[in-house]
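S.K.: Return a 3D structure for these sequence lines:
(one chain, ligands or ions: 1)
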Amino acid sequence: MTDTPVNLDSLRERIDELDNEILRLISARADCAKQVAEVKTQSDPGAVFYRPEREAQVLRRIMELNPGPLNSEEMARLFREIMSACLALEQPTKVAYLGPEGTFTQQAALKHFGESAVSMPMAAIDEVFREVEAGAVNYGVVPVENSTEGVVSHTLDSFMDSSIHICGEVVLRIHHHLLVADTTLRDKVSRVYSHPQSLAQCRKWLDAHYPRAERVPVSSNAEAARMIKSEWHSAAIAGDMAAKLYGLEKVAEKIEDRPDNSTRFLIIGSQHVPMSGEDKTSIVVAMRNQPGALHDLLEPFHRHSIDLTRLETRPSRTGVWNYVFFIDFKGHVDEPRVAAVLEEVRLRASEVKVLGSYPVGVL
Ligand SMILES: C=C(O[C@@H]1C=C(C(=O)O)C=C[C@H]1O)C(=O)O
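M.R.: Presented below is the predicted three-dimensional model:
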């Protein structure tokens, strides 16, 4: 196809006009968001400006209305950033995440809150919980389950001793790469560093390509990326953010054994999140260890046609009960049918704790 200069010029003129329009509209939107913040402060001086359910509704509406040619996810990502910038005008959201910088958890935090949020790396999952509990940050982001390797048990255990709520979820496609520094001797790699979950997610690939290399588990894949800078015979498995942060090269891309490898992260905070129209609830239930306990627990969900999306069993650490169950299901605690089920579950269980109701992840 050949573009005549005249065509190109007129198209660019049209783009300039559209940009002027977009600029005007985004500014008008930011003004509106500012006014919303003023209204919120008038009714409650300590008001939280960020509203997870409202943001989910805005993004879902945009995805539904999107006429193309941009795909809906791409369009929602643009709106995600507009909302993030609007919110930061009044109050940048402070978010603690499982660090160090360059982890998938940081990527998840930015995907959920947008680039205008202030994100702070923490050394461990319980530190993220502590920062949120202490009110030093507005929210925390922690990994909870991976499609290949299953549950992140540390996160579930942290909920047992905490009053923290779940305010949201975000799912991230995880792509791992084999990374080296510019000083690494690529044909002499005898050691591969990564987080144990990442090593497990790339097990078959490592067996096939580096069967003799020692696999060294470290606290995060960003830490693995940092470490190999000073070791000429070592490689790291990590994602794009860590590769960029530490200036590493990719020897092999997307080496995860399963192409649909993804991780679910939870947004934790102290807020009760109202209904967004498409919500999930997470609860933790302690049962006495007696025959039929699990059946008794699940039966009310079945009878009220409530969709369970996850069931996880953890040994109780208190000794009073033998098992605790982490259950996720579709619906919100403010819905009467969910309230009815919880009432029944309370009668059958030794203890029920609602961790939170929150919008099903949009992006
Ligand atoms: C504008 C509001 O406040 C914040 C900003 C939003 C936005 O820019 O659309 C949406 C929800 C809140 O996080 C609101 O509550 O409507």
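S.K.: does any part of the longest helix anywhere in the chain sit near the ligand?
M.R.: Longest helix of the chain, by residue count under DSSP state H: helix 5-43. Yes. Helix 5-43 is in contact with the ligand by CB under 6 Å from any ligand atom, via Ala33, Val36. In this view, the C-beta of every residue, glycine as well, is placed from N, C-alpha and C.
S.K.: Could you name the helices and strands sitting against that helix?
M.R.: Contacts defined by 3 or more CB pairs under 8 Å, 6 or more residues apart in numbering; DSSP states H and E place helix 5-43 against helix 72-90.
S.K.: Distance from whichever helix or strand comes after the helix it packs on to the middle of the chain?
M.R.: Next helix or strand after helix 72-90 toward the C-terminus (DSSP states H and E): strand 94-98. For strand 94-98, the gap between its own C-alpha mean and the chain's C-alpha mean amounts to 11 Å (CA atoms, centre = their mean, to the nearest Å).
S.K.: mind listing what strand 94-98 pairs with, with the direction of each?
M.R.: strand 118-122 (parallel), strand 139-146 (parallel) (DSSP bridges).
S.K.: That one vs the ligand: in contact?
M.R.: No. With CB under 6 Å from any ligand atom as the criterion, the ligand is not reached by strand 94-98; the gap is at least 13.2 Å.
S.K.: follow-up on the earlier one: wait, which of the strands paired with strand 94-98 is closest to the ligand?
M.R.: Proximity to the ligand, assessed across the strands paired with strand 94-98 by CB to the nearest ligand atom, is greatest for strand 139-146 (11.6 Å).
S.K.: Give the buried residues for the closest one.
M.R.: Neighbour-count burial for strand 139-146, counted by 16 or more other CB atoms under 10 Å, picks out Tyr139, Gly140, Val141, Val142, Pro143, Val144, Glu145, Asn146.
S.K.: Dump the strands paired with strand 94-98 to TSV, plus distance to the ligand.
M.R.: Shown next, in TSV, are these (distance: least, CB to the nearest ligand atom, whole Å):
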stretch	distance to the ligand
strand 118-122	15
strand 139-146	12
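S.K.: tell me the two of the buried residues of strand 139-146 that are most distant?
M.R.: Farthest apart among the buried residues of strand 139-146 by CB to CB are Tyr139 and Asn146. That separation is 21.1 Å.
S.K.: Name the helix or strand for the residue lying closest to Val48 once chain neighbours are set aside, please.
M.R.: By the measure of CB to CB, 6 or more residues apart in numbering, the closest residue to Val48 outside its immediate chain neighbours is Gln271, 6.1 Å from it. Of the helices and strands defined by DSSP H and E, none includes Gln271.
S.K.: residue contacts, Gln271?
M.R.: Val48, Pro52, His165, Cys167 (CB atoms under 8 Å, 6 or more residues apart in numbering).
S.K.: Looking at the residues you listed, which are in helices?
M.R.: Pro52.
S.K.: which of the contacts of Gln271 sit farthest apart?
M.R.: Among these, Val48 and His165 lie farthest apart (CB to CB), at 12.3 Å.
S.K.: Of these two, which one has the most company?
M.R.: Each of Val48 and His165 has its neighbours counted (other CB atoms under 10 Å); His165 has more, 21 against 15.
S.K.: if I look at the nearest residue to that one once chain neighbours are set aside, how far off is the ligand?
M.R.: Once flanking residues are discounted, His165 sits nearest to Gly356: 4.0 Å by CB to CB, 6+ apart. When distance is defined by CB to the nearest ligand atom, to the nearest Å, Gly356 is 17 Å away from the ligand.
S.K.: I appreciate the help and will end here.
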